[in-house]
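Peer 1: model this:
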Amino acid sequence: MTLKAFRLVLILIGVGGLAAGAAASGYAPAAPRFAGWRKVIAPPGVLDPSQSGVRLWHDYGAFALYAVAASEVEPLGLLNDERIRSGDEFDTLYLDAYTFNPLRETPATPDGWAETSPEGFRLHLIQFVGPIKDEWLAQVRAAGATPVHYLANHGYLVWADAAARARLDALARAGDVVQYSAPYRPYFKLGRTLRLRAVSAGDTITVTVQMLRHPGQALTEAFIAARRSGIVAPWSAVGGYQNATLRVPAAALPEIVARPDVIWVGEYFPYELLDEVQTQILAGHLDAARAGPSSPGYLAWLTGLGFSQDPSDYAIVDITDSGLGDGTLDTGDPTLHRLGEAAEPTRVAYLLNCTGDADGRDVGGHGHLNASIAFGYDARSGAPFKDADGFSRGLGVNPFGRLAATRLFNGLGQGNLDRCGHALSVMVRQSYLNGARILSNSWGCPGCVGAYGPDSQFYDYAVRDADAQAAGNQAVTAVFAAGNNGPGGNSINTPSNAKNIITVGGTESDRPTWTDGCGQGPGDADNAMDIVGFSSRGPAPGGRVKPEVVAPAAHIQGAASTAPDYIGNSVCDQYLPDDQTTFAASSGTSHSTPAVSGAVSLIDYWLRNELNVAAPSPAMLKAYLIAHTTYLTGTTANDTLPSPNQGFGLPDLTAAFDAASRRLVDQTVVFDNSGETYTLTTAVADASKPLRIVLAYTDQPGAVGASAPQVNDLNLSVRVGSTTYLGNRFAGRWSVAGGAADTANNVEAVFLPAGATGAVTVTVTAFNIAGDGVPAFGDSADQDFALVCYNCAQTPGFEVVAAPADQAVCTTASAAYTVQLPATGG
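Peer 2: Predicted coordinates:
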């Protein structure tokens, strides 16, 4: 390929192209069974299939897929019925920049990308007519194809030979279950930044390649090896794929993406690194103006709640960062010892050094400060240990807990995995084997903003299973900094945009007495109700809510590193106040993140010891955290939840540890098919308290190269009296009736103010079970979940139920319904 042609190809890919009815090799035109009719999904009783112009297509139980004649859509009032799902988005495929509806068009093949149709196995793309059923996936397997990964909406990437592809094409022509069947085009596989840049053919680019793991993978490994000019990270397995980061000539990119088993090729970007005042704000101990903490006293409050002072009673939190102290378990910092005494045992469980540097010491100070924020125990009095208002500078969120440190960044501040197999998977597995169950990550890839990349996908896998080499699932909770790319939207870092992690944004703190070395002045740290300007905002790819929560991130103080060669080049203020060498200060979501990690470790303890949850799942920890939050009302807050600025709000530990009645479900219910439901019948326990219900689930990781990484879709609805509230449908801080179900997020909430009374029915509906949400269990399509119901009675109340609950039907004929009086549970 000539230089001119290559540049033209990339430019054409960047602008993309859609062609209505475009001819393409191997393309089976979409031919739905009810061509020209409108697809409609509705709950039972809304549509009458015996009526002219309405056909029941597929019944799911909790809902059904109908075909409605175009002439009947308006007379039936379907356009304004919030119970109905319909529209073009239903059939849209989200392949990164290539968003198209195959019922209307298919991406035109750019010049220079003409394809052949090999007889052997290759990746192939199909789309089903609606939410996926197990039996449909069985038909795909019966055709000789292997499902590889779900692609929103209702699409699937499969691995198939020519005969299987022909059978899939036949299914698409029949149009009852499959409506689209076509090769997975090479130009689908290029990452966004590669498509948008023009390069010279001789340029060398560092890229990450993802390919399918299968018996014949050695052929493509050898093909790529013959074209690479260097290796940054060798092949490492992630789920059913393997990734490698390589230096390759730009001219080789079309050849690499043309390989039948290559999933994606994207540009590689390096990782970057991203106080009792803070802890009292998290505890919800605010002054009358709610702008800052009311007074000192966090340690006494925590002790009064009965938290154990034995570090071994807590899950180990790994501070994955720039190292810790002097590189020894002792660290040289007494605040990381039991009760803050140097003579007491250290609370550091291990130090893992993944870099090429000699040990795990922290020269830059970033990691040590974050360890102090999460776990510092400082009861010392006087200066410099307390500020002018009496707040301890070195007191962390969980001063009793256990911590560990993994050094990911070397002395130059560069991400480095030389001693951990050049792979995040090796690092995380070793942390798990060392005992960590919570991972605190104040780093990310600002250059990867806007893309769900391989690292996002990896952490979505790791939350469910951090050690893929061991049988079963080894879960970890991963907490990540959102990034410092604000105030613009769509600015969440990678891997912080992963689905199954907890992503933390930043608020201001209340230390408005200096301008720090990062340029954050008094006005950036004077009101805890404000979102700080630099905090990255959502949404995340696929329109998802990120961050989930926020915490103080400006002018945060904690212990300075005790490394003998500490230079403080990774924090804003090497030492602060200036006349001492005990404390440092810094700003960034890097420092809100360990605060939330410390809070998660406290929540984990509370769930185990006070609420009898034996081993809280990552989904439960996330749901419980979100169920106990404070709504922010300040600058760039005071918005509708869940928002791209504050997520669901600021963690409120006072609420998290109060005596309110709760109902908890932690991954004990598994959905096997679309249309299944779970119902929890309860009642408001205390009318003087709000009612807060949160659903969270660990979704199957998304596909790299998809602009919408959602796979399974669970929906939350809550009926209080005669009013039904859907998950994530808010006006300001409170839920409102109406709206449509949330199809984007694997966290959904219903928050109602104090005053609600009577029976409460919580329903979780499996709208689309398309992927393996519970690996090493059941089949390849299932999903469990965690549910937190705050202020929910242990026994249900009395209620009258109308069946169906929605007493309306779209028909010109009569309709009947019954009223039932079920047995009461209390």
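Peer 1: going forward, measure contacts between C-alpha atoms and count neighbours the same way
Peer 2: OK.
Peer 1: avg pLDDT for the longest helix seen in the chain?
Peer 2: Taking DSSP state H as the criterion, the chain has its longest helix at helix 589-609. Throughout helix 589-609, pLDDT has a mean value of 98.
Peer 1: now do stretch 793-805
Peer 2: Stretch 793-805 comes out at a mean pLDDT of 58.
Peer 1: likewise stretch 271-287?
Peer 2: Stretch 271-287 shows a mean pLDDT of 88.
Peer 1: shift numbering so it begins at 325
Peer 2: In the new numbering, first residue 325, that becomes stretch 595-611.
Peer 1: just the CA atoms of it, as PDB, please.
Peer 2: Extracted in PDB, the C-alpha atoms of stretch 595-611 (Å, rounded to 0.1, in the frame of the first residue of the first chain):
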ATOM      1  CA  TYR A 595      -0.700   5.300  33.000                       C
ATOM      2  CA  GLU A 596      -0.400   8.500  35.000                       C
ATOM      3  CA  LEU A 597      -0.700   9.300  38.800                       C
ATOM      4  CA  LEU A 598      -3.900  11.300  39.200                       C
ATOM      5  CA  ASP A 599      -7.000  15.000  57.600                       C
ATOM      6  CA  GLU A 600      -9.700  14.900  59.900                       C
ATOM      7  CA  VAL A 601     -11.400  17.600  57.900                       C
ATOM      8  CA  GLN A 602     -11.900  15.200  55.100                       C
ATOM      9  CA  THR A 603     -13.000  12.300  57.400                       C
ATOM     10  CA  GLN A 604     -15.500  14.400  59.300                       C
ATOM     11  CA  ILE A 605     -17.100  15.500  56.000                       C
ATOM     12  CA  LEU A 606     -17.400  11.900  54.900                       C
ATOM     13  CA  ALA A 607     -18.900  11.000  58.300                       C
ATOM     14  CA  GLY A 608     -21.600  13.600  57.600                       C
ATOM     15  CA  HIS A 609     -20.500  15.700  60.600                       C
ATOM     16  CA  LEU A 610     -21.100  19.100  58.900                       C
ATOM     17  CA  ASP A 611     -21.500  22.600  60.200                       C
END
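Peer 1: in it, what counts as buried?
Peer 2: 595-610 (16 or more other CA atoms under 10 Å).
Peer 1: rewinding a little: and the longest helix of the chain, what does it pack against?
Peer 2: strand 640-645, helix 690-699, strand 760-765, strand 801-805, strand 826-831, strand 873-876, helix 942-951 (3 or more CA pairs under 8 Å, 6 or more residues apart in numbering; DSSP states H and E).
Peer 1: contact partners of the shortest one?
Peer 2: Spelled out, that is strand 873-876. For strand 873-876, the surrounding residues in contact (CA atoms under 8 Å, 6 or more residues apart in numbering) are 602, 605-606, 826-833, 852, 915-917, 919-920, 950, 970-975.
Peer 1: hang on, the earlier thing: wait, which of the helices and strands packed on helix 913-933 is closest to T1048?
Peer 2: helix 942-951 (18.9 Å; CA to CA).
Peer 1: contact partners of that closest one?
Peer 2: 787-788, 799-801, 824, 826, 872-873, 924, 927-928, 972-973, 975, 980, 990, 1016-1022, 1071, 1073, 1109-1114.
Peer 1: which SS state does the residue nearest to the spatial centre of the chain fall under?
Peer 2: Centroid-nearest residue in the chain: K823, 1.9 Å away (criterion: CA atoms, centre = their mean). Classification of K823 by DSSP: H, G, I helix; E, B strand; the rest coil places it in coil.
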